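J.: Following is a predicted model, sequence given first.
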Amino acid sequence: MAVTVCQHCGSRRFRADRSMGGRLVCQDCGTPAGSRAGRAASPRSGRRSNGKRWLVILLIAVIVLVVVTS
């Protein structure tokens, strides 16, 4: 089974850790591949969706402000 995404942080960067017998370890958070995340949703994906949501809200607020002032 190939691990493509870290279940803890969402990273796709792995390296083989010699001290763990060649087991794959995430380069960003250090969690061994195949380990379950402590949270239901990964923090990285949550940050992305929240960032996009705030960007959309900010864009709508700017458009409303421009329409009201003109």
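T.: Structure received.
J.: Give me the residue ranges of the protein where confidence is low.
T.: Flagging of the chain using pLDDT under 70 yields the residue ranges 1-3, 35-51.
J.: go with 90
T.: For the chain, the stretches flagged by pLDDT under 90 are 1-56, 70.
J.: For it, which segments count as strands?
T.: Using DSSP state E, the strands found in the chain span residues 14-17, 23-26.
J.: most tightly surrounded among these?
T.: strand 23-26 (a mean of 18; mean count of other CB atoms under 10 Å). C-beta: built from backbone N, CA, C; applies to glycine.
J.: hmm, who's touching it?
T.: Residues outside strand 23-26 that contact it (CB atoms under 8 Å, 6 or more residues apart in numbering): 3, 6, 8-9, 11, 13-17, 31-34.
J.: now with 7 Å?
T.: Defining contact as CB atoms under 7 Å, 6 or more residues apart in numbering, one finds that strand 23-26 is touched by 3, 6, 8-9, 11, 13-17, 32-33.
J.: closest to residue 57 among the residues you listed?
T.: Set against residue 57, the nearest of these by CB to CB is residue 9 (25.6 Å).
J.: thought that closest one was touching residue 29?
T.: Yes. Between residue 9 and residue 29 there is a contact under CB atoms under 7 Å: 4.3 Å.
J.: The two: which is more packed in?
T.: Remark: of residue 9 and residue 29, residue 9 carries more neighbours, 18 against 14, as counted by other CB atoms under 10 Å.
J.: What ranges does this structure have for its helices?
T.: 43-69 (DSSP state H).
J.: Any idea what residue 25 is bridged to?
T.: Per DSSP bridges, the residues bridged to residue 25 are residue 15, residue 32.
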